[in-house]
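Peer 1: Dropping a prediction and its sequence here:
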Amino acid sequence: MALDLNSILEFAVRKGISDVHLKESRPPAYRVNSDLATQRGAMPLSKSDMTAFLDKVLVEDAQRRILAEEGNVDAAYELPGLARFRVNVFRQYTGLSMAIRVIPLVTKGVKELGLPPILEEIAKEHRGLVLVTGTTGSGKSTTLAAIMELINQTRAGHLLTIEDPVEFVLQEKKCTINQREVGANTCSFASALRAALRQDPDVILIGELRDKETIDIALQAAETGHLVLSTMHTIDAAETINRAVSVFPPHDQKQIRDLFASVLRWVVSQRLLDRRDGKGRIPAVEIFRQTPRLLELVQANAGQREIAEQLDKGHKVYGTQTFDLCLMELYRRKLITQENALQHCSNPSDFKLRVSGID
């Protein structure tokens, strides 16, 4: 009996699953917290099953052409009234596969997500660059959606998003909102971002800073009075800044670093950890917030250790923090285990000393 894509996705939403993996000759796999698991007794997917899934997800000829030419393509799928899904369809050695991320229809707030309340201050920014960073699946898009929704609720303005594909669909409240999808509504991030500067936006959300041209235009937009929010696949503030600067030619990097330092308002780097009680996952975050001293360190091309020391020092006054400081707080609140904290912290020996009461 053929399996139905909608039934698989409904099951994932009902069970609070974050990701679904579909592969020919294998039963559906579901990410439960940090692990992949299959449903007991589930049947392997056949070639005809995957073809039927493909027909449901890729409804545009352009998407099928990209899949044929590049071997993979991003798409959005929706079960009305239930959830949206970000789908990556790709060909691999034994056939067709899909990796599907579940995107709730209702956007949770900063506190509901277990994020530090200080991040609500981002919604009060009116210009500059805000980056949310982390590995794939660390909750970057969810955090950005929470911030965008808070802006939408608290002030009037024009919010413009450029995504691939559109993930969280924002309902207009105080703001006018336009959401553009790369491929369907525009040919590239850079093209849409260039056009955005002529569309009178107050806030621009870019799904990801992927290349030199996109980073360059994003910096220009932030410098000229827009609030620009985006993501990068980096693990902390120091790596984020270095990665962004490194895409430019060496003779331009000093100027770009100075510009980056002047427009960068926040870097929120996050990881998702399994909760101690087994009930889902919780974010651990490093928070970089522009201060005079941190601006100097960015301009001086300071290393991760120097920046981390300053983040620790600014915790009480500015709300900045390192991963290790956040992990210690989560551990002391009994939200994560010591083993899990040590696995993710930057300096395990220092962390053990703090646990024993030596600061």
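Peer 2: Sure, I can see it. Note that this is a predicted model, so its numbers are computed, not measured. Residues are numbered from 1 along each chain as shown.
Peer 1: And the helices in the stretch 251-359 of the chain, which stretches?
Peer 2: Taking DSSP state H, counting those that start in this stretch, the helices of the stretch 251-359 of the chain run over residues 253-263, 292-299, 304-313, 315-318, 323-332, 338-344, 348-355.
Peer 1: could you check the angle helix 292-299 makes with the first one?
Peer 2: Orientation check (axes from the mean of the first three to the mean of the last three C-alpha atoms, to 10 degrees): helix 253-263 against helix 292-299 gives 160 degrees.
Peer 1: Going by neighbour count, list what's buried in helix 253-263.
Peer 2: Going by neighbour count (16 or more other C-beta atoms under 10 Å), the buried part of helix 253-263 is 253, 256-257, 259-263. No exception for glycine: its C-beta is placed from N, CA and C like everyone else's.
Peer 1: What is it packed up against?
Peer 2: strand 128-133, helix 212-223, helix 237-246, helix 292-299 (3 or more C-beta pairs under 8 Å, 6 or more residues apart in numbering; DSSP states H and E).
Peer 1: Please save the CA atoms from it in PDB.
Peer 2: The C-alpha coordinates for helix 253-263 follow below in PDB (Å, rounded to 0.1, in the frame of the first residue of the first chain):
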ATOM      1  CA  GLN A 253      39.400  43.700   4.300                       C
ATOM      2  CA  LYS A 254      40.500  46.500   6.700                       C
ATOM      3  CA  GLN A 255      37.900  48.800   5.300                       C
ATOM      4  CA  ILE A 256      35.200  46.100   5.400                       C
ATOM      5  CA  ARG A 257      36.200  45.200   9.000                       C
ATOM      6  CA  ASP A 258      35.800  48.800  10.100                       C
ATOM      7  CA  LEU A 259      32.400  49.000   8.300                       C
ATOM      8  CA  PHE A 260      31.300  45.700   9.900                       C
ATOM      9  CA  ALA A 261      32.300  47.000  13.300                       C
ATOM     10  CA  SER A 262      30.300  50.200  12.900                       C
ATOM     11  CA  VAL A 263      27.000  48.600  11.700                       C
END
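Peer 1: what does that helix contact?
Peer 2: By C-beta atoms under 8 Å, 6 or more residues apart in numbering, the residues outside helix 253-263 that reach it are 127-129, 219, 222-223, 241, 244-246, 248, 295, 298-299, 301.
Peer 1: rerun at 10 Å
Peer 2: 127-130, 212, 215-216, 218-224, 226, 228, 240-242, 244-249, 252, 290, 294-301 (C-beta atoms under 10 Å, 6 or more residues apart in numbering).
Peer 1: Any chance of a PyMOL selection covering the buried ones in these?
Peer 2: Buried residues among the contacts of helix 253-263 (16+ other C-beta under 10 Å), as a PyMOL selection:
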select buried, resi 127+128+129+130+212+215+216+218+219+220+221+222+226+228+240+241+242+244+245+247+248+290+294+297+298
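Peer 1: Return the backbone torsion pair for the nearest residue to Ala218 once chain neighbours are set aside.
Peer 2: Counting by C-beta to C-beta, 6 or more residues apart in numbering, Val228 is the residue found nearest to Ala218 once chain neighbours are left out, at 5.2 Å. Main-chain dihedrals, Val228, degrees, to the nearest 10: phi -120, psi 130.
Peer 1: Switch the helices and strands packed on helix 253-263 over to a markdown table; also include mean pLDDT.
Peer 2: Converted to a markdown table, those look like this (pLDDT from 0 to 100):
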| stretch | mean pLDDT |
| --- | --- |
| strand 128-133 | 97 |
| helix 212-223 | 94 |
| helix 237-246 | 93 |
| helix 292-299 | 93 |
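Peer 1: hang on, the earlier thing: which residues touch the residue nearest to Ala218?
Peer 2: 125, 127-131, 193, 196, 201, 203-206, 209, 217-222, 263, 265.
Peer 1: Look up which residues are beta-bridged to it.
Peer 2: Leu129, Ile204 (DSSP bridges).
Peer 1: Who does Asp19 form a beta bridge with?
Peer 2: In beta-bridge terms (that is, DSSP bridges), Asp19 pairs with Arg31, Arg101.
Peer 1: Just give me the neighbour total for it.
Peer 2: Neighbour count for Asp19, taken as other C-beta atoms under 10 Å: 18.
Peer 1: residues in contact with it?
Peer 2: Contacts of Asp19 by C-beta under 10 Å, 6+ apart are 12, 29-32, 36, 85-86, 99-102, 136-137.
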